[in-house]
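S.K.: let me see the structure of the following:
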Amino acid sequence: MSKTVNEKVKNQFLNKFGVHIKTLRTEKGLTQEELAKRCNSNTKKIYRTEKGEYDFKFSSLIVLAKGLDTSIPELLNFDYPENIFENFWTEKLPILIENT
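M.R.: Numbering: from 1, shown residues only. Got it, this is the predicted structure:
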């Protein structure tokens, strides 16, 4: 059996991360448009990040931190879902192929 990411836990993390990013943005008095411009990105990506719908690469954290004029540790300084580390992986059942 192989392991795969537990989508429920991942989505909980992304939702909480998005709320945190929105809080940081609004505390700095930035609109989504202004943050997108600072990140050399687009408003749709900022919107999707804040809604917990955008699962991006690590390099995007660097760009987001720069756009918010903060650090990566500050980006990740929020309450994670309680079960993020215990339940991040789930067992993936193997696909059985029958010969016919």
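S.K.: now do the residue most central in space within the chain against Lys51, distance only.
M.R.: Centroid check for the chain by Cα atoms, centre = their mean gives Leu14 as the closest residue, at 4.0 Å. In this view, Leu14 and Lys51 are 9 Å apart by Cβ to Cβ, to the nearest Å. C-betas here are computed from N, CA, C, even on glycine.
S.K.: what of Asn40?
M.R.: 21 Å.
S.K.: higher neighbour count, the two?
M.R.: A direct count of neighbours by other Cβ atoms under 10 Å for Asn40 and Lys51 places Lys51 higher, at 13 against 9.
S.K.: quick one: average pLDDT of the lengthiest helix in the chain?
M.R.: Secondary structure of the chain per DSSP state H: the longest helix is helix 7-27. Throughout helix 7-27, pLDDT has a mean value of 92.
S.K.: where in this structure is the helix or strand with the lowest mean pLDDT?
M.R.: strand 89-92 (a mean of 67; mean pLDDT, DSSP states H and E).
S.K.: low-confidence bits of the protein, can you list those?
M.R.: The chain contains residues with pLDDT under 70 at 1, 81-83, 85, 89, 91-100.
S.K.: thought Leu64 was touching Glu74?
M.R.: No. With contact defined as Cβ atoms under 8 Å, Leu64 does not count as touching Glu74 (10.6 Å).
S.K.: out of these two, which sits in the busier spot?
M.R.: Leu64 (23 against 13).
S.K.: tell me which helix or strand Asp79 sits in.
M.R.: Assigned by DSSP states H and E, Asp79 belongs to no helix or strand.
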